[in-house]
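> quick one, structure for this:
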Amino acid sequence: MAAALAGNAQAAQRVMRARPGFVAVGRGMSVCHACGALAPSKRGSCEVCAQPIGSSLEAVPARSDDLAFAQIRTQITCRQCGGVFPIDEPELEESVTCPRCNTIQAFDNEAWSEAFAHAHLVADVHGPRGEEFRRRLGARDPFPAIGSTTAIGDLQLSGMSIEGGVMKTRNLRASVAPGQPLCTKCGSPREPLELAGLRGAPELQMRCVGCGDTARYTIPSAARGLCPGLVGFVSEALRVDRPEARLDQTSAGMVVALKCPSCGGGLNVTPGSHVAVCGFCKTEARIASRTLLALKSIDAAPIAWWALFRGDAPGRNRLFDDERDSARELGLNLPAGRGGGHEAQLLALMTMAEAPGGSKAVSRAVSEKVKDIEDDQSPWEVRKEWAIQLALPMLMLVLVSPLFFRQFLNWSVGAPSVAPSIAHAYDTLGNPVSQEIAGAGVPVVIALERNGEIRPVCDDGFGIEEANVACRQMGFQGARSYSTVNGWMNDFWLDDVVCQGSELRLDDCAHEGWGDHNCSSGETQAVSCIGAATEPVFEGPSDAVAAGPSGMPLPPEQNVTGTPLTILLMHDGVLRPVCDDGFGIEEANVACRQLGHHGAAAFSTVNGSTSEFWLDDIDCTGTELRLDDCRHPPWGQHNCSSSETQAVTCF
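Down below sits the predicted model:
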């Protein structure tokens, strides 16, 4: 008995003696001791790493500074194959590569901005410094389940955006949990160094409060303006105090091994891991995400990384504004100030009433306070308020009525809508086609967007005049030809279109009326356009298009492996080939990846159709995403003829 009591006392003493950086539970935020994410009170295992949470009495102490960590796991849905793949670091280069189909696709960085704003709010409200704020919010907490049944606040973005003629994907999912980065050696919390100089620094330095182990992480320059409070990231893929592992490739560009950067020995890679330890010299090598992609070693599950924020999240102020909006829902027009008077008392009563266990007595007190405020208003103020409330709707009715009448009149006579349609280039399966492809003479379906809905045009009565108008509406000089194709739907916007040839849009021409037709999918109208767009269709980095022996761009379904493809680069709205001077397997690998393939099996020189080239004397290392990322003379500077046109055979 005495031995048992002594054992219990020793165990209790061990529990009460927290490890460095931790405090007793109840004095801080409980976290998973495996991954550092918030440990919900009603879960027995971690929602992030699936490890048992257990009954640990250690917690991360409340912060005295204005810093907050957010653990982030991100996934992107490929717009080409529909596959979902993880992103183990903030990819801010405005392009992502799908590991399943090898498609390089433009990505809208605004999606990252929204994801970081969401992460900042989650970390601010449910982090170690947000307890008082959560108590103030009560039922208005946007993440009420975090901390009890879950640790995660999800954000799902989807859709596309068009910028400079380039269609960019926004298919991003971010799963965010509050927490604290932990040391991989001793498990103690890791904290940033040099707090005073965090913002604007090129690197984020972290130190374990237990064993003193330090690490440095680069901060991408593109991250600076994405989120006001963003300080930096803690991600193994961004760690700069470890040398980067080297890829060993064959002459054909095939990846055969991963080598230690110190001794050249082979490295064993765990799927999804960004760290490999050399079995010979014990060097810890960093494995970049692009290397895992080349090795096809991307794990199906996303790996968590951390973002560090400073200051209040922008969403916090909006939540405070919601308090005032709730008061206005009771019929009050309260002043904007937060101090004293009826407003402060009323907001306090409302918070108490909406909190769990709020009583009827508090609700009655709210009603009495509303009555007090109304009694304080003079008859003149009451009449003025009624006059304003009545005058504003009447004014809006007077202003808007002519627009509605004009819209109805145009609709009744079959005239164009007040809001003109927007023309897009689509393929026969209903997928958008880029401007550079559409402007190179490839047949594309005319897809008109009206009231947010996209439908094709029927071929009844369609001729070269209508084709010219359609191509100009899409931003080109005119039409080379027109044809009928099998489309993807039986609903059309326009039928029996008759144009003079000088119109700016198809809806300026005579037609049967919007949506009035007698057509089927086999009567879908397509056009082949010529001439550069009125403005450059591509700004910034180049895009690559595959061409055949004639030098004409190939449709996407003919951009295949195993056959020589001429490389055409789009720059300033013009497609031109690449010269073969200095071109080798490294350049060929980059070109094939830019065309959407895995790598290059061979490269060759062909007789092209033009003596005008965009790039010459290209020198790549083999890791670049685009040919224009490599070293080269200025755009358009070359000494080549058409017989020096470069082609590649991809795999």
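
> how near is Pro142 to Glu131?
Distance from Pro142 to Glu131, counting by Cβ to Cβ, to the nearest Å: 16 Å. (Glycine included, C-beta is placed from N, CA and C.)

> should've said Gly475
Gly475 is 55 Å from Glu131, by Cβ to Cβ.

> repeat that for His120.
The value you get for His120 to Glu131, if Cβ to Cβ is used, is 17 Å.

> who has more neighbours, these two?
His120 (27 against 15; other Cβ atoms under 10 Å).

> are we agreed that that one is in a strand?
No: His120: not assigned to a strand; according to DSSP: H, G, I helix; E, B strand; the rest coil it is helix.

> and the nearest residue to it once chain neighbours are set aside, its phi and psi?
Leaving aside its chain neighbours, His120 sits nearest to Ala313 (4.1 Å; criterion: Cβ to Cβ, 6 or more residues apart in numbering). Ala313 adopts backbone torsions of phi -70, psi 140, taken as degrees, to the nearest 10.

> pretty sure Ala313 contacts His126?
No: counting by Cβ atoms under 8 Å, Ala313 stays clear of His126, with 11.0 Å between them.

> now the nearest residue to Thr77 once chain neighbours are set aside: how far from Leu429?
Leaving aside its sequence neighbours, Thr77 sits nearest to Asn171 (Cβ to Cβ, 6+ apart; 3.8 Å). Remark: distance between Asn171 and Leu429 (Cβ to Cβ) = 18 Å.

> those two - which one has more neighbours?
Taking other Cβ under 10 Å, Asn171 and Leu429 do not tie; Asn171 has more neighbours (21 against 10).

> from Pro432, how far off is that one?
In terms of Cβ to Cβ, Asn171 sits 14 Å off from Pro432.

> over to Val60?
Taking Cβ to Cβ, one finds Val60 at 47 Å from Pro432.

> one more: Pro40?
Counting by Cβ to Cβ, the gap from Pro40 to Pro432 is 42 Å.

> and Tyr217, by the same measure?
Applying Cβ to Cβ to Tyr217 and Pro432 gives a distance of 37 Å.

> now do Asp619
From Asp619 over to Pro432 (counting by Cβ to Cβ), the distance is 34 Å.

> what do you get for Val497?
From Val497 to Pro432 the distance is 22 Å (Cβ to Cβ).

> in this protein, which spans are helices?
Taking DSSP state H as the test, the helices found in the chain are 2-16, 109-126, 131-137, 289-294, 314-329, 341-354, 360-375, 379-413, 435-438, 464-473, 585-594.

> what is the mean pLDDT for the longest one?
Translated: helix 379-413. For helix 379-413, mean pLDDT rounds to 62.

> isn't Asp617 right up against Asn639?
No: using Cβ under 8 Å, Asp617 is not in contact with Asn639, being 9.1 Å away.

> among the two, which residue is more densely surrounded?
More crowded of Asp617 and Asn639, by other Cβ under 10 Å: Asp617, with 16 against 11.

> pLDDT at the residue nearest to Gly28 when sequence neighbours are not counted, what is it?
Nearest non-adjacent residue to Gly28, counting by Cβ to Cβ, 6+ apart: Ala59, 3.8 Å away. At Ala59, the model reports a pLDDT of 84.

> residues contacting Cys458?
Applying Cβ atoms under 8 Å, 6 or more residues apart in numbering, we find Cys458 in contact with Phe492, Leu494, Asp495, Asp496, His517, Cys519, Glu523, Thr524, Gln525.

> for Lys282, state which of those is nearest.
Minimum distance to Lys282 across these is 63.9 Å, recorded for Thr524 (Cβ to Cβ).

> residues near the closest one, how many?
So Thr524, with other Cβ under 10 Å, has 25 neighbours.

> for the residue lying closest to it once chain neighbours are set aside, give its distance to Ile104.
Leaving aside its chain neighbours, Thr524 sits nearest to Gly487 (3.0 Å; criterion: Cβ to Cβ, 6+ apart). Relative to Ile104, Gly487 is positioned 28 Å away (Cβ to Cβ).

> quick one, which of these two is more surrounded?
Each of Gly487 and Ile104 has its neighbours counted (other Cβ under 10 Å); Gly487 has more, 28 against 19.

> the more buried one and Phe462: what is the separation?
Counting by Cβ to Cβ - Gly487 and Phe462 are separated by 13 Å.

> over to Gln435?
Distance from Gln435 to Phe462, by Cβ to Cβ: 22 Å.

> rewinding a little: out of Val60 and Pro432, which sits in the busier spot?
Taking neighbours as other Cβ under 10 Å, Val60 and Pro432 compare with Val60 leading, 23 against 17.

> next up, the contacts around the more buried one.
Per Cβ under 8 Å, 6+ apart, neighbours of Val60: Gly21, Phe22, Val23, Gly28, Met29, Ser30, Val31, Pro128, Gly179, Gln180, Pro189.
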